[in-house]
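**Student:** dropping the sequence and predicted coords here.
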Amino acid sequence: RNPIDLSAIDAKLSNGEYATPWQFCNDMWLMFDNAWVYNKKTSRVYKYCSKLAEVFEEVVDEGFRALGYCCGQRYVFHPQVLYCYFKLCPIPRESSYYGYQNNRYVYCTKCFSEIPGDSVTIGDDSSSLQAIPKQAFKEQKNDHVGHEPFVECIHCKRQFHKICVLYHESIWPEGYQCDGCLRELKNVRRESKFTAKRLPTTKLGNFLEEKVNSFLRNAGCDAGEVTIRVVSSCNKVLDTRPGMRDRFSSFPTQFPYRTKALFVFEEIDGIEVCFFGMHVQEYGSDSPAPNTRRVYISYLDSVHFFRPKQYRTVVYHEILIGYLEFCKMNGFQTAHIWACPPGEGDDYIFHCHPIEQKIPKPKRLVEWYRNMLERGKAQQVINEFKDIFAHCTDEEITAVTEIPYFEGDFWPNVIEETIKEIDQEEEERKASVANVDQQRVGSKKVGKRGTNKKGSKKAGSGRSSKKTTLLVTGDDLSQKIYQTMDKHKEVFFVVLLHPPSSSPLPATTDPDSLITCDLMDGRDAFLNLAREKHWEFSSLRRAKYSSLSMLYELHNQGGDRFVYSCNSCNADIEMRWHCKECGDYDLCQSCYTKTTHEHPLEKLGFDMGPEESTTSNTAEARNQLMKRRNEYLIHACACRDPTCSKPFCIKMKQLLRHARDCKQRSTGKCTACNFFLRICAAHAHECKETKCPVPICANLKQKMRERRERQQKEQTHMPSNIGMPNQGDQHQQYM
């Protein structure tokens, strides 16, 4: 469609038709693409073209940099990973699929053809299910490749790769200025204030940071200091799944726990790079048995950019040992680790790992964890560790109800599926017995057949014929679970932090306050955003930009997205004076009285507290702000006094009436309604009341419960998605 060759490119060069070097570069790549598309891979043209493209990539950067550009490469992102909405089947590259609503709902061709009828039922939860005609789904091919975006210098108008020059428009809204122009103007680029060191600190983060940096200093390592930050810490409740709940009435229906997310950064070439991330679950002394005083390492991931590389493994070990030591100091007794390698192409926390990071075999990963735990034992942090089967045998655990029950873990899924299997077998047995009884009606030999001891013995011996020696004494469910446990015991570590002692431990404590961060509340939000925005960690170049973007988002998390910032004093404000002409101009009440603006300002929003101009934008301040709003909401929903003198009661009631009557609430376009829903969602997340006065609290809690059940269902289909360290780094440890 667009024919071009070297002679045409040479003619354009001779005639001066190229206004920028990028136009010449685009024609060269068009020529290569044409040769690859219209010729077989075995042809001479295809092979010569590939060789010429390699030479071009090697020499083009030198010429571009001489002209003041970043490089002359054509960079493309890795293709998006697609999963079938129905059964979570991976949709490979170049495969066909069916998509709806800009690929919000995608189905592989196999699952789509298996769906009966002429419609497909979709929805995020049971309250939003809807039937969509199959004709509304568009057949597509998973072949889309995105190109890296460019940014233009506001002075010389040259174009640069945004990732090459590490430009983020929200950090530098005034526009990009290239290095050449800055030198001519005798100016310097303003440094980003969104750094890892400026994120709020915690006692856990400081403890791990000091431990790792002390080790590096003692080892004589000349690397830059490591920065460790806990970016999310929130309380959650794990609901027991239906099968377990129905079968064991005495088993707890809920387990309260605290989930945390921490990330580790190192400064490389003057840029902070994130190279390690971890999500954990902490079940304290208030959590019922069998989860009491236990911590669970739910996800771990890393990319191999830490320098020097010979210390990578030890640094990862020191982080894990440090976390276990911190838990031990705060009253936790046992830690649990599932050494589960990811599937090919799977991501746990970081999007797109370097190709050279290889996935190890399960035995190598188990050995990596064993070495870490031995190191912790040598440091007297760990008292003992063993596999889960040995632990259950030593502790004489014979019932399924005594096995720890963690969010997203392997065992709750296996127990649930086994219960379904046993129930199905029981139904089939009853149906079979009923059929036999019907056949015996009218027979003269009913009594004789009914007392056939040989047949009875044969039928009864079928279940236990596989194993003559029972692993534990118990019902069929316990037998099946322990047989599975014996088979997979090597990949499940149980770590005992304290020695056996008759003296009871004090109640578990957490010296750090809660940290609200929607982006890091679980692994999915950050991973999905990274996929959407192409924040790849596939190379050091891209990891620098992805870390920069990630840090910007982290600094802008934790607060209310419907709370605005004053353009004069940068304070968070709920009630604001807004300029319609400028669009993004707001002033707090204090600055409004002191600042003049060229356009008229109107008063918007709801004032839910004293002016925040004297309060720093810390996580603690934001948490206090959300706590006050929650108190106002609960009081206003229960208050029946129209002349109530409580602070902000009348304003909150106005907001309640507005949200009830607003016709734009369902569209998501009303700022006041969005603000109200945000407060209610934060309230529902912490609410434990069965009869809460907040109008939509019960509905929100139901939706959160259904969302958790859906995630558990997804984890049942993807048992390998519970992560351990990225396997590329495991490979490096044995080199």
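**Tutor:** The structure has been received and is ready for your questions. Numbers count the residues shown, from 1 in each chain.
**Student:** centroid residue for the chain?
**Tutor:** R523 (1.4 Å; Cα atoms, centre = their mean).
**Student:** wait, what's in contact with that residue?
**Tutor:** For R523, the contacting residues are 261, 279, 299, 348-349, 723, by Cβ atoms under 8 Å, 6 or more residues apart in numbering. Heads up, the C-betas are built off the backbone N, CA and C, glycines and all.
**Student:** return the closest of the residues you listed with respect to N435.
**Tutor:** G723 (47.8 Å; Cβ to Cβ).
**Student:** which residues of the stretch 501-650 of the chain fall in helices?
**Tutor:** 524-533, 540-555, 589-594, 619-638, 649-661 (DSSP state H, counting those that start in this stretch).
**Student:** helices or strands next to the first one in the packing?
**Tutor:** Applying 3 or more Cβ pairs under 8 Å, 6 or more residues apart in numbering; DSSP states H and E, one finds that helix 524-533 makes contact with helix 540-555.
**Student:** tilt between the helix it packs on and helix 524-533?
**Tutor:** 130 degrees (axes from the mean of the first three to the mean of the last three Cα atoms, to 10 degrees).
**Student:** helices or strands up against helix 540-555?
**Tutor:** Checked by 3+ Cβ pairs under 8 Å, 6+ apart, helix 540-555 has helix 162-165, strand 254-268, strand 271-283, helix 524-533 packed alongside it.
**Student:** all strands for the stretch 601-735 of the chain, in order.
**Tutor:** Under the criterion DSSP state E, counting those that start in this stretch, the stretch 601-735 of the chain contains strands at 601-604.
**Student:** about what we covered before: which stretch among the helices and strands packed on helix 540-555 comes nearest C692?
**Tutor:** With Cβ to Cβ as the measure, strand 254-268 is the member of the helices and strands packed on helix 540-555 nearest C692 (16.1 Å).
**Student:** tell me what angle that closest one forms with strand 271-283.
**Tutor:** Going by the same axes, to 10 degrees, strand 254-268 makes 160 degrees with strand 271-283.
**Student:** which stretches of the stretch 1-150 of the chain form helices?
**Tutor:** Under DSSP H, counting those that start in this stretch, the stretch 1-150 of the chain gives helices at 6-14, 21-37, 44-66, 109-114.
**Student:** mind listing what's buried in the first one?
**Tutor:** It refers to helix 6-14. I9 (16 or more other Cβ atoms under 10 Å).
**Student:** other SSEs contacting it?
**Tutor:** Counting contacts by 3+ Cβ pairs under 8 Å, 6+ apart, helix 6-14 packs against helix 21-37.
**Student:** and the helix it packs on, what's its mean pLDDT?
**Tutor:** When pLDDT is averaged along helix 21-37, the result is 95.
**Student:** number of nearby residues for C153?
**Tutor:** Per other Cβ atoms under 10 Å, the neighbour tally for C153 reads 21.
**Student:** low-confidence ranges in the stretch 401-550 of the chain?
**Tutor:** Within the stretch 401-550 of the chain, the stretches with pLDDT under 70 are 441-474, 502.
**Student:** one more pass at 50, please.
**Tutor:** The stretch 401-550 of the chain contains residues with pLDDT under 50 at 444-446, 448-471.
**Student:** then the chain?
**Tutor:** Ranges of the chain meeting pLDDT under 50: 444-446, 448-471, 558-563, 607-618, 716-735.
**Student:** endpoints of stretch 8-26, how far apart?
**Tutor:** 13 Å (Cα to Cα, to the nearest Å).
**Student:** ramachandran angles for I228?
**Tutor:** The phi and psi values for I228, taken as degrees, to the nearest 10, are phi -120, psi 130.
**Student:** show me the beta-bridge partners of it.
**Tutor:** Counting by DSSP bridges, I228 is bridged to V264.
**Student:** circling back to that earlier point, for Y296, see how far away the residue nearest to the centre of the chain is.
**Tutor:** 14 Å (Cβ to Cβ, to the nearest Å).
**Student:** what does C352 give?
**Tutor:** C352 is 27 Å from Y296, where distance means Cβ to Cβ.
**Student:** cool, R217 as well?
**Tutor:** From R217 over to Y296 the distance is 32 Å, taken as Cβ to Cβ.
**Student:** repeat that for E272.
**Tutor:** Here the distance between E272 and Y296 works out to 29 Å (Cβ to Cβ).
**Student:** who has more neighbours out of these two?
**Tutor:** Ranked by neighbour count (other Cβ under 10 Å), E272 and Y296 place Y296 first, with 23 against 20.
**Student:** check which element follows the one helix or strand that one maps to along the chain.
**Tutor:** Element membership of Y296 [criterion: DSSP states H and E] is strand 294-302. Next along the chain after strand 294-302, taking DSSP H and E as the criterion, comes helix 312-329.
**Student:** now that next one: buried residues?
**Tutor:** Within helix 312-329, the residues that count as buried by 16+ other Cβ under 10 Å are 312-328.
**Student:** ok, now stretch 371-389?
**Tutor:** 372-373, 375-376, 381-383, 385-389.
**Student:** also stretch 226-239?
**Tutor:** Buried residues in stretch 226-239 (16+ other Cβ under 10 Å): 226-234, 236-239.
**Student:** over to stretch 34-41?
**Tutor:** Neighbour-count burial for stretch 34-41 flags 34-35 (criterion: 16+ other Cβ under 10 Å).
**Student:** determine how far that stretch lies from the middle of the whole chain.
**Tutor:** Computed by Cα atoms, centre = their mean, to the nearest Å, the chain-centroid distance of stretch 34-41 equals 40 Å.
**Student:** if we can go back for a sec, going by distance to E536, which of the buried residues of stretch 371-389 wins?
**Tutor:** Once Cβ to Cβ is applied, the member of these that ends up nearest E536 is M372, at 27.9 Å.
**Student:** enumerate every residue touching that closest one.
**Tutor:** So M372 contacts 316-317, 320-321 (Cβ under 8 Å, 6+ apart).
**Student:** re the thing from before, okay, the helices of the stretch 1-150 of the chain, which one's buried deepest?
**Tutor:** When these are scored by mean count of other Cβ atoms under 10 Å, the highest mean neighbour count falls to helix 21-37 (a mean of 16).
**Student:** name the nearest residue to C327, sequence neighbours excluded.
**Tutor:** With Cβ to Cβ, 6 or more residues apart in numbering as the criterion, C327 has its nearest non-adjacent residue at 5.1 Å, and that residue is V295.
**Student:** burial check on the one you found, number of neighbours?
**Tutor:** When neighbours are counted by other Cβ under 10 Å, V295 registers 30.
**Student:** H168 too?
**Tutor:** The number of residues packed near H168 is 17, by other Cβ under 10 Å.
**Student:** that one should be in a strand, yeah?
**Tutor:** No. Secondary structure of H168, determined by DSSP: H, G, I helix; E, B strand; the rest coil: coil, with no strand assignment.
**Student:** pretty sure it is touching S549, no?
**Tutor:** Yes. Counting by Cβ atoms under 8 Å, H168 does reach S549; the two are 6.1 Å apart.
**Student:** what angle separates the helix or strand containing H336 from strand 271-283?
**Tutor:** Remark: H336 resides in strand 334-338, with elements defined by DSSP H and E. Calculated by the same axes, to 10 degrees, strand 334-338 forms an angle of 120 degrees with strand 271-283.
**Student:** do me a favour and get the end-to-end distance for stretch 68-76?
**Tutor:** Using Cα to Cα, one end of stretch 68-76 lies 22 Å from the other.
**Student:** now that stretch: buried residues?
**Tutor:** 69-74.
**Student:** how much space is there between I4 and K361?
**Tutor:** 48 Å.
**Student:** more neighbours: those two, which one.
**Tutor:** Taking neighbours as other Cβ under 10 Å, I4 and K361 compare with I4 leading, 15 against 12.
**Student:** distance of that one from N34?
**Tutor:** Applying Cβ to Cβ, the value for I4 to N34 is 7 Å.
**Student:** now C639
**Tutor:** Here the criterion is Cβ to Cβ. By it, C639 lies 73 Å from N34.
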